[in-house]
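> generate a structure from the sequence data that follows.
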Amino acid sequence: MSPLLPPVVTETDRASCTATDILRSVGEKWSVLVLAILNDDRPHGFNELDRTIEGLSRRILTRTLRNLEADGLFSRHPTPDRVEYSLTDLGRSLLPLVIALGEWADRNAPAIEAARRSRL
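You can find the predicted model right below:
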């Protein structure tokens, strides 16, 4: 058993796990994509984000932005013309980990796909 985990992982352990909590939020379908788009060191308006991501409804974009803001990963700045979103230092500190996971997935995609095929 991993030294990070107790011998028996209870429901209370899972509910109080900070890693599980943030992975649930960041691992949401659109969150990583929004974070990656905001990585270019300039603010983005809501409509710009909406146009940049095909297949993402405005309602889901709004929910995703609210969740990421609540987690402190980006900030929201109302201006007279629009609302702008930009990464916080906390959000920027998460990106290398997200990028590393993406690179790992790219490198290992053939092995993962082979393992999935072998189970069929």
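> what packs against the top helix by length along the chain?
The residue-count maximum for a helix in the chain (DSSP state H) belongs to helix 89-118. Secondary-structure packing of helix 89-118 (3 or more CB pairs under 8 Å, 6 or more residues apart in numbering; DSSP states H and E): helix 31-37. C-beta coordinates here come from the backbone N, C-alpha and C atoms, glycine included.
> any buried residues in the helix it packs on, and which?
31, 32, 34, 35 (16 or more other CB atoms under 10 Å).
> farthest pair in those residues?
32 and 34 (7.4 Å; CB to CB).
> how far is stretch 52-68 from where the chain is centred?
12 Å (CA atoms, centre = their mean, to the nearest Å).
> any residues touching it, and which ones?
Applying CB atoms under 8 Å, 6 or more residues apart in numbering, the contact partners of stretch 52-68 are 25, 28, 30-31, 33-35, 37, 44, 46, 49-50, 74, 76, 85, 91.
> most widely separated two among those?
Maximum distance among these (CB to CB): 20.7 Å, for 25 and 50.
> how much space between residue 34 and residue 81?
21 Å (CB to CB, to the nearest Å).
> swap that for residue 89, please
From residue 89 to residue 81 the distance is 26 Å (CB to CB).
> out of the two, which sits in the more crowded spot?
Neighbours per residue, other CB atoms under 10 Å: of residue 89 and residue 81, the larger number sits with residue 89, 10 against 7.
> pLDDT wise, what is the more buried one at?
Residue 89 carries a pLDDT value of 95.
> how about the contacts made by it?
Per CB under 8 Å, 6+ apart, neighbours of residue 89: none.
> do the one 3 residues further on as well
Taking CB under 8 Å, 6+ apart, we find residue 92 in contact with residue 39.
> pLDDT score for it?
Confidence score, pLDDT, at residue 92: 94.
> what's the answer for the one 3 residues further on, then?
According to the per-residue confidence, residue 95 scores 90 in pLDDT.
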